[in-house]
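J.: here is a sequence with its predicted model. Questions after.
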Amino acid sequence: MNEATALALPALAGLIAVALFFDFLNGLHDAANSIATIVSTRVLRPQYAVLWAAFFNFIAFLFFGLHVAQTLGTGIVDAGIIDPRVIFSALLGAIAWNIVTWVYGIPSSSSHALVGGLVGAGVAKAGFSAVVWSGLTKTAAAIVLSPLLGFLLALLLVLIVSWLCVRATPFAVDRRFRALQFVSASLYSLGHGGNDAQKTMGIIAVLLYSQGHLGTSFHVPLWVVISCQSAMALGTLFGGWRIVHTMGSKITRLNPMQGFCAETGGAITLFTATWLGIPVSTTHTITGAIIGVGAARRTSAVRWGIAGNIVIAWVLTLPAAALIAAACYALTARLG
């Protein structure tokens, strides 16, 4: 190792710490995705729900490949233009937007904040030629498709379950789905940990690759995988209570059967996207699923005004994080 590389190690370690802080905030911000339904249906108390979700967030790497990390690392902007300043600016843009939306209880997408930050910093450095348009287009399409798929699957599951339970008493249905919600919440948390933690893995891995620490081929070291899963699980433990309230009760009221259908529909969507290597928003997915189960009851059961405000936040997330990241890059370039 040469002297220049040795001198860069403290800065590199600092950037990795910032990335893991983003991952922690991601878990904090998105705890609502994993626990809102199981808390709002009173199947689990919040303090137990976050423990349950954090555990499955952590072990997710045992069940999924690292396709999403590959997409984030090399499929959004050209890996050749990545340097510590680009990564720092991208993370700052994503963190700033996450904090703003967390303070105001808006369930926006940490995933798209990170993608937006990466695009904004990359464009600020090398122009639009730095963008890998195929990967960005796939990610942007998921903004529409993931909540739509979550909506349709949850709606379909409610209709199927309602037909299967038509002869059962309300008490028997409630008791059965209180137990089944432990399964659906576990699956959703597994999908959340599998998709979301990989985004930070991709950022750290491409940073290491750009500095020559991964050799000639891009890959994600095991210590990066464990660190990112741990940071996300820790963030989930702290919970995002403002957003839990919005997701769990403000959009529509849920019973255990509806909570099971929302979580299962969301989990199927996340599993599919993770296996395909598509970095989707877990927030968008579960929100679409919750709206789906509410609409299955009756359209007036959904508070469409609140749902509309959430959609506006979705649309703003990617460009807002990109602008913050681009401004950060311009500022650090001038200071440097």
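T.: Structure received. Numbering: from 1, shown residues only.
J.: what score does Leu270 have for pLDDT?
T.: Leu270 carries a pLDDT score of 92 in this model.
J.: could you do Arg303 as well?
T.: On pLDDT, Arg303 comes in at 58.
J.: ok, which stretches of the stretch 151-300 of the chain are helices?
T.: With DSSP state H, counting those that start in this stretch as the criterion, the stretch 151-300 of the chain has helices at 170-210, 222-238, 241-245, 256-276, 282-297.
J.: so who does Phe218 touch?
T.: Phe218 sits next to 70, 73-74, 79, 205-206, 209 when contact means Cβ atoms under 8 Å, 6 or more residues apart in numbering. The C-beta positions use only the backbone N, C-alpha and C, and glycine is treated the same way.
J.: for Ile324, same thing?
T.: Contact analysis of Ile324 by Cβ under 8 Å, 6+ apart lists 92-93, 96-97, 117, 120.
J.: most neighbours, which of those residues?
T.: Gly117 (35 neighbours; other Cβ atoms under 10 Å).
J.: helix/strand/coil for it?
T.: Following DSSP: H, G, I helix; E, B strand; the rest coil, the label given to Gly117 is helix.
J.: so Leu207 touches Pro84, yeah?
T.: Yes. With contact defined as Cβ atoms under 8 Å, Leu207 counts as touching Pro84 (6.9 Å).
J.: overlap in contacts, these two.
T.: Shared contacts of Leu207 and Pro84 (Cβ under 8 Å, 6+ apart): 12, 15.
J.: more neighbours, the two?
T.: The neighbour comparison of Leu207 against Pro84 (other Cβ under 10 Å) goes to Leu207, with 25 against 16.
J.: state the distance from the more buried one to Thr169.
T.: Computed as Cβ to Cβ, to the nearest Å, the Leu207 to Thr169 distance reads 57 Å.
J.: look up how far Val166 lies from Phe24.
T.: From Phe24 over to Val166 (counting by Cβ to Cβ), the distance is 45 Å.
J.: please name the nearest non-neighbouring residue to Leu180.
T.: Residue nearest to Leu180 in three dimensions, not counting chain neighbours: Phe260, with 5.0 Å by Cβ to Cβ, 6 or more residues apart in numbering.
J.: so where's the stretch 51-200 of the chain shaky on pLDDT?
T.: Along the stretch 51-200 of the chain, segments meeting pLDDT under 70 span 105-107.
J.: residue ranges of the strands in it, please?
T.: For the stretch 51-200 of the chain, no strands are identified by DSSP state E, counting those that start in this stretch.
J.: mind listing what's buried in stretch 264-283?
T.: 264-271, 273-274, 277-283 (16 or more other Cβ atoms under 10 Å).
J.: one more: stretch 175-187?
T.: By 16+ other Cβ under 10 Å, the buried positions in stretch 175-187 come out as 176-178, 180-181, 184-187.
J.: using JSON lines, lay out those residues together with distance to Ala322.
T.: Below are the buried residues of stretch 175-187 laid out as JSON lines (distance: Cβ to Cβ, whole Å):
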{"residue": "Arg176", "distance to Ala322": "46"}
{"residue": "Phe177", "distance to Ala322": "41"}
{"residue": "Arg178", "distance to Ala322": "43"}
{"residue": "Leu180", "distance to Ala322": "41"}
{"residue": "Gln181", "distance to Ala322": "37"}
{"residue": "Ser184", "distance to Ala322": "34"}
{"residue": "Ala185", "distance to Ala322": "33"}
{"residue": "Ser186", "distance to Ala322": "35"}
{"residue": "Leu187", "distance to Ala322": "32"}
